[in-house]
Each structure stands twice: as C-alpha cells, then as structure tokens.
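> kindly return the folded structure for what I paste below:
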Amino acid sequence: KAAERGILMHASEKVIKAHGGEFPICTDYDALKERILDIVMRPPATPAKPLVIPTPLEYESAYRRMWLVLTNVAGTFAPEPWPALGAMTGIEELSTTTHDVPDYDNLMQVRARILREHKLSLENVYEKLKCLDPLPGANDFLTWLKPIVPRSFMISDSFEEFAEPIFQKLGHPMVFCNFLESDTEGYMVRHVVRVRDQKRLAVEEFQRLNFRIISIGGSFNDVPMLKAAEHGIVFKPSDDLKRSEERRVGKECRSRW
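Below you'll find the model as predicted:
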C-alpha cells in the first residue's frame, strides 16, 4: 500500500480475497514481467504541461548525487552494549574487548561463558538492555541533522536485540544485521553474523545507488566503513583506536624525519 504500485505475487487465497480488488494478481513470472512493463514502459498518457522558463538546478540536483550519513549505532548514538551490561550487573568481565581477546568469535564465546557462570539468560540480558537510553545529545543531534542531510541511516553489527530498543527511542531508520542464539536453557551460545563486513558493504551499496557517503564510527570494526566512504568521521574513538592512530602518526613522523 505504501508503494506507488503494488502487485500480488503467489498470494494466498486469504490475501487475494482481502486485497485482490486493490492490487493486480500475478501467478507466474511472465505475467509479472508484463505487469512491470506496463507500469514502467507503458504509463498512461498525460497531457503536456504548459511551457515554463526552466529554473536552474542546484548543484546537487544537477549531478543527482545526494549526501547520505551512515553511522554505527553503538558508541555513536547509544552506549556499547557489553560494557553497559557489565556496569548494570557489576560483572567487570563483560567489559572484555577485542583488545583482550583479538578474535571476535572467541570473544563472544568468552562472554557466553561469563553469562552462564552468573546465571544470566538471554532474556535477562534483553530486559536489562531495554533500559539503555541514547547518549546525551543524540536526539538533539538527529533533529539538527535531518534538515541538513535528510537521508541518514544507522547500522549495527551488535545484536539486534540491543539495537531495537534504541531504534524505538531514536525513531530513526536503522539496519539490524546480527542476533544472539540461545540453547534450550535460554543461555547464549553464539553471536550469529548474517553478513560479514556489512558496514563496508552498506557503504558500497549506497554508493551504487548514487549517494555520496559520510560515515561515522569509533571502533576498529568501523574502519572499513570509514575508508570506503567519501568522508569518514571518527566519533568518540575507543582507547584501542586512539593508541593505534597515535602509533601510526608517530611512525609517519619518524619516516619523514
């Protein structure tokens, strides 16, 4: 209903009965092709509009390349979920990062073990994380941003059960990628990654749609996204990222010297 044109494809009898008079129905791909051609290639005739003096297009409109902001959720608009959970529960081990366990899959197994040892099921985790609020100033920043760059999205490679409550509080378009899987007892067993390197892939996909990207992030996981964008901004970088940048700058200075 929200689209300009809607087509029912392989619809159930219940859906056809309810909406068959509202949308065209297709039962095979040849009919679907024909219907799409009717919409795209054979639109209804419309009378010509009166000639007017054309208004010069703005630079962005002339080149049809609009800016789009793509930003990581955790650390930019909301607290990082695992340190926040550690602070809520008093379990300091939950603040363990890739600095301590470099392999991310192994790190998630460490976190799963810690949760089980402290009798924290995933349901307990989700209930606690529902209390997380956006970072101070996040909503005000988004209110400021929308008139400047109307098209902006957030993406999270953290689990969607953390990101969804934040999304509801921010009221902003967001992409969820991953989730946590539990065993029969309700304890976490693994962090399921649907797509590897999804942040960089998201930047490249929007670029294929003719957007120019400003990406915002603050951790090592965000670096490929920042590099792929036309402009990358580091926001509240992690200590590890700060140290890495300091080493890189120091190495460049020594090289120049």
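> so where do the strands sit in the stretch 51-200 of the chain?
Counting by DSSP state E, counting those that start in this stretch, the segments of the stretch 51-200 of the chain that form strands are 66-72, 152-159, 174-182, 188-192.
> what comes into contact with the shortest one?
Just to be clear, that refers to strand 188-192. 105, 108-109, 111-112, 115-116, 122, 125, 159, 178-183 (Cβ atoms under 8 Å, 6 or more residues apart in numbering). C-beta here means a position set from N, CA and C on the backbone, and glycine is covered the same way.
> among the residues you listed, which two are most distant?
When Cβ to Cβ is used, the two most widely separated members of the contacts of strand 188-192 are R116 and N178, lying 20.0 Å apart.
> more crowded one of the two?
Neighbours were tallied for R116 and for N178 using other Cβ atoms under 10 Å; the higher tally belongs to N178 (18 against 15).
> contact partners for the more buried one?
Counted by Cβ under 8 Å, 6+ apart, N178 has contacts 156-160, 191-194.
> any of the contacts of strand 188-192 buried? List them.
108-109, 111-112, 115, 122, 125, 159, 178-180 (16 or more other Cβ atoms under 10 Å).
> quick one on the thing from earlier: which of the contacts of strand 188-192 lies closest to P81?
Distances from P81 to the contacts of strand 188-192, taken by Cβ to Cβ, are shortest for F159, at 7.4 Å.
> read off the pLDDT value for that closest one.
As predicted, F159 sits at a pLDDT of 83.
> for the closest residue to it other than its chain neighbours, which residues count as its bridge partners?
Leaving aside its sequence neighbours, F159 sits nearest to L180 (Cβ to Cβ, 6 or more residues apart in numbering; 4.7 Å). With DSSP bridges as the criterion, L180 is bridged to H191.
> F176 too?
S156.
> contacting residues for the residue nearest to F159?
Counting by Cβ under 8 Å, 6+ apart, the residues that L180 touches are 122, 125, 159, 161, 188, 190-192.
> go with 6 Å
122, 159, 188, 191 (Cβ atoms under 6 Å, 6 or more residues apart in numbering).
> test my guess that the first one contacts S182.
Yes: under the criterion of Cβ atoms under 6 Å, L122 makes contact with S182 at 4.7 Å.
> could I get the phi/psi values of F211?
phi -100, psi 150 (degrees, to the nearest 10).
> K146: which of the contacts of N178 is nearest?
S156 (19.9 Å).
> hmm, the closest one is touching E164, no?
No: when contacts are counted by Cβ under 6 Å, S156 is not listed as touching E164 (9.4 Å).
> can you tell me the closest non-neighbouring residue to the spatially most central residue of the chain?
When the chain is reduced to its mean C-alpha position, the nearest residue by Cα atoms, centre = their mean turns out to be I155, at 1.7 Å. Spatial nearest neighbour of I155, excluding adjacent residues (Cβ to Cβ, 6+ apart): V175 at 4.4 Å.
> what number of residues lie near the one you found?
17.
> touching, it and M154? I think so.
No: counting by Cβ under 6 Å, M154 is not a contact partner of V175; they are 7.0 Å apart.
> would you map the helices across the stretch 151-257 of the chain?
160-170, 198-208, 223-228, 239-256 (DSSP state H, counting those that start in this stretch).
> lowest average confidence across those, which one?
Taking the mean pLDDT of those, helix 239-256 comes last: a mean of 53.
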